[in-house]
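**Student:** what would the 3D arrangement of this be:
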Amino acid sequence: MGSMFRSEEVALVQLFLPTAAAYTCVSQLGELGLMEFRDLNASVSAFQRRFVVDVRRCEELEKTFTFLQEEVRRAGLTLLPPEGPLPAPPPRDLLCIQEETDHLAQELRDVRGNQQTLRVQLQQLRLHAAVLSQGRGPPLVAAHTDGLSERIPLLQTPGGPHQDLRVNFVAGAVEPHKAAALERLLWRACRGFLITSFRETEQQLEDPLTGEPATWMTFLISYWGEQIGQKIHKITSCFHCHNFPFLEQEEARLGALQQLQQQSQELQEVLGETERFLSQVLGRVQRLLPPWQVQIRKMKAVYLALNQCSVSATHKCLIAEGWCAAHDLPALQRALQDSSGPGRGRRAPPQRPVCVSVRPPAAQSEEGVSAVVHRIPCRGTPPTLVRTNRFTAGFQGIVDAYGVGRYQEVNPVLVFPVCGGNRAQRGQGRSPGPTGAGGRRPPQHPPSWGRACGPGVGRGAGCRLRGAPLTLAALPAAPYTIITFPFLFAVMFGDVGHGLLMFLFALAMVLAENRPAVKTAQNEIWRTFFGGRYLLLLMGLFSVYTGFIYNECFSRATAIFPSGWSVAAMANQSGWSDAFLAEHPLLTLDPNVTDVFLGPYPFGIDPVSPMLAVGPLGGARGQVGQPLLRPGQVVRRLTPSPLSDAQIWSLAVNHLSFLNSFKMKMSVILGVTHMAFGVVLGVFNHVHFGQWHRLVLETLPELVFLLGLFGYLVFLVCLKWLRLSAAVSATAPSVLIHFIDMFLFSRNPANRDLFHGQEVVQSTLVVLALATVPVLLLGTPLFLRWQHRHRSAWRPGGQQLDEDKAGLLDTPGVDEERAEGPGAPEEAEFVFSEVFMHQAIHTIEFCLGCVSNTASYLRLWALSLAHAQLSEVLWAMVMRVGLGLGHKLGAAAVVLVPVFAAFAVLTVAILLVMEGLSAFLHALRLHWVEFQNKFYSGTGYKLTPFTFAVEDE
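**Tutor:** The predicted structure follows:
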């Protein structure tokens, strides 16, 4: 039964891996995901470990892979995931992968460099051709000239002062956003002694770096004098202009232009061949890179795991320690034998018994030595392992969000083990009971490492695990979180229509869960809904169930079965005349009148009245279980009408008052039952951990306190429902007044008792509840103090060291909340003040929590009524108005289309999304605070086995 209620048994194991086969063994363990490695070299720097060189080689390869991946993405290609699982490559293949990767990377760099150079050259040729083409255009114009300079001739007459000066030209190209600044600076620096011409290129040229088309501005500058020429060259160089030679003769420019065009064509052909070769190289990278990435990540993970192992020079092997599920030990041993034995790659027959050694191998030669595993004792708390599947993963995630459970404490999400093989194999796979010092069971944490082994574990005795390994499937088998969470949600969200919509939405996700597009969706909101699809499925299904209980479908009552109330019988036997109807604004259906109430509704709440009188409504306006109707409704009911008898209650004035009373009492009953169930679950923890004193000193007082007060309240409510009838509804006693008088030790004569001797029973229960408080406060600390002194006085001095080495789990005087983690000291010091303070906090939390938690469950009543009223308001404000407009306008079909669309949008947005989220959060709080704190500490840590599953994904 322990495996059904709690996490799996986890053992601390030690591996002895031959040096030659260590890599293969760890790689195989990564494929199976059976073991979590512990770091045995925590004090050693990461740069001083044995396989640090191999890790660095893998990291260097990953950097090269990143470069190749970026080049592939730059080319607009995508990397497809590798087909099928890929094993970690042997260490000798690392050199081949590295050489091939470096060759591809260098080849890709060379080709990219050549492509870049050819593109730059092609751009230069095209810019030069554009500059030469500009010289064939209109004549040059002076830059920044004024009216006086226009009358001065450009060329002086022969024999003038400038007859020795020669006109020179500077031609080139500049980026468009720099052209205006370049022109302005040239004019200012040369004082206007130049002529500039800027023209935009007719065609856009491809940028050699980005590959995007870009526009350039070509310029042609004419000047006189060497100093001005030097200034022009310096300025254009500062603006990163491309300068080209410019020939003065027209025929020379035409010849140069033709030569440039021919060179451009030849360069384009070479560039095309280069790009084709580049595409071939990228194709090889696209094909080889994905499997290489997976393999190198696995290889790096293997070396990182090997770095956590210690080296045994005597036996020429590596020693590893880690956590492994107890029923996975045979599979772990077989995997090691297959990876390191002489028959490597061949699986052992399943029926062959697997030997788990308890001693390191003797001094033997490394050849032919197989890796072995044996279990070792541990003083730390093992990690928690709870296997889940698609169905239970969402529920377990809710519990783990509160805190990961301690090792083998009761899990709120129940898991059910399914054993593989025949019955004989399943019987053999069970482990004998644990043993401790003196044959006693250690009380704090179960010694899982001793369940499959005899008392000699850790001292050289052999041990054998028999039978086939267990196969664990997480299936609901009891009303834990898998049942209680959707049910409490449905209590607050009960509506047939809304629950059906939620159920269909979740069902669609469940049916499409294997589609790749659904799995790989990156939308965060969608992934949240998809991860909890089975939770939504049950939430919707339970909401449909509670909707039938409440008899609500989009706030409308349904008449599935005939109603137990008859309006005609009440009208015929009460003499409702026209004068009587005119004088009385409200009419009551009296169940005491013959044939008015025929019997209870078959399922759920009767649309007319779900139960008889349960308390006065106030004044003479009728009882809670007696519907109050308006005369107009009754008159319409006595005449032929399409309304059903089952719809009268929804027209009653006191409909809300009845639901208030019913849902409030229902919330208290569910709350007390839920909390009591949580306290009972704590019994399984105490029994499993051997803390028998807590059964008497904690669990029993808690149950007496909770059930003696609030359980008695539930008893009074149920007794009143069962014993009182409609005939005495007017004088029915008040349960609330009885509960108040119970604490005041008083009696109200006006409020009669529900049973004989009620006052004595109430006083006794209050005294018992108060008496349990000091027991709960002082019982456990005093017992642990007495036990600690008794053990200290009983142990001889010579046995002190041996007893200390037995571990913390053999010391029943230590509270399980103070259990140490891995690497804990060998002996936990008992401090009475700490234990007392811890128990005082627990006592105060429980006693006050019984009151506050019971009141907290009233949120079931509040949110249920809020959901029903919002649904009613939405129907009245949208659909009812739309139906009325349709009759008035005579176009019901046209009007109902936008009305129904608005009703559907508001229903989904408000009632499904907002109200659903609110009910979900309140159900989450009820489980975390009111339920789980009764037995669940959530102070553990998960078992994270070494696995390649992430690398494969």
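
**Student:** give the residue spans of the stretch 801-950 of the chain that score low on pLDDT.
**Tutor:** Across the stretch 801-950 of the chain, the ranges flagged by pLDDT under 70 are 801-828, 886-893, 950.

**Student:** no, scratch that, I was asking about the chain
**Tutor:** Scanning the chain for pLDDT under 70 picks out 1-4, 135-165, 313-315, 341-369, 414-479, 607-654, 795-828, 886-893, 950-953.

**Student:** go through it and flag its longest helix.
**Tutor:** helix 250-307 (DSSP state H).

**Student:** could you list every helix and strand in contact with that one?
**Tutor:** For helix 250-307, the packing partners by 3 or more C-beta pairs under 8 Å, 6 or more residues apart in numbering; DSSP states H and E come out as helix 22-32, helix 52-74, helix 91-134, helix 949-952. Yep, even glycine has a C-beta here, placed from its N, CA and C like the rest.

**Student:** buried deepest among these, which one?
**Tutor:** Among the helices and strands packed on helix 250-307, helix 22-32 has the highest mean neighbour count (mean count of other C-beta atoms under 10 Å), at a mean of 23.

**Student:** what pairs with the next helix-or-strand element following it, parallel or antiparallel?
**Tutor:** Using DSSP states H and E, the helix or strand that follows helix 22-32 towards the C-terminus is strand 35-38. Its sheet considered, strand 35-38 pairs with strand 317-325 (antiparallel) by DSSP bridges.

**Student:** what does the strand it pairs with contact?
**Tutor:** 8-19, 22, 26, 34-38, 40, 305-306, 308-312, 332, 360-361, 366, 369, 376, 382-383, 385, 943, 945-946 (C-beta atoms under 8 Å, 6 or more residues apart in numbering).

**Student:** kindly recompute the last result at 6 Å.
**Tutor:** The contact list for strand 317-325 (C-beta atoms under 6 Å, 6 or more residues apart in numbering) reads 8, 10-11, 13-18, 22, 34-38, 309-310, 312, 332, 383, 385, 943.

**Student:** buried among these? Make that a PyMOL selection.
**Tutor:** Per 16 or more other C-beta atoms under 10 Å, the buried members of the contacts of strand 317-325 correspond to this PyMOL selection:
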select buried, resi 8+10+11+13+14+15+16+17+18+22+34+35+36+37+38+309+332+383+385+943
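
**Student:** among the contacts of strand 317-325, which are in helices?
**Tutor:** Those of these lying in helices (DSSP H): 22, 332.

**Student:** pull the contacting residues for Gly678.
**Tutor:** 931, 934-935.

**Student:** out of the residues you listed, who has the most neighbours?
**Tutor:** Ranked by neighbour count (other C-beta atoms under 10 Å), those have Phe931 at the top, with 25 neighbours.

**Student:** ok, back up a step: looking at the helices and strands packed on helix 250-307, which is closest to Phe219?
**Tutor:** Relative to Phe219, the nearest member of the helices and strands packed on helix 250-307 by C-beta to C-beta is helix 91-134, separated by 8.1 Å.

**Student:** please identify the helix or strand for the nearest residue to Phe931 once chain neighbours are set aside.
**Tutor:** Leaving out its chain neighbours, the residue that sits closest to Phe931 by C-beta to C-beta, 6 or more residues apart in numbering is Gly678, at 4.8 Å. Using DSSP H and E, Gly678 falls within helix 655-688.
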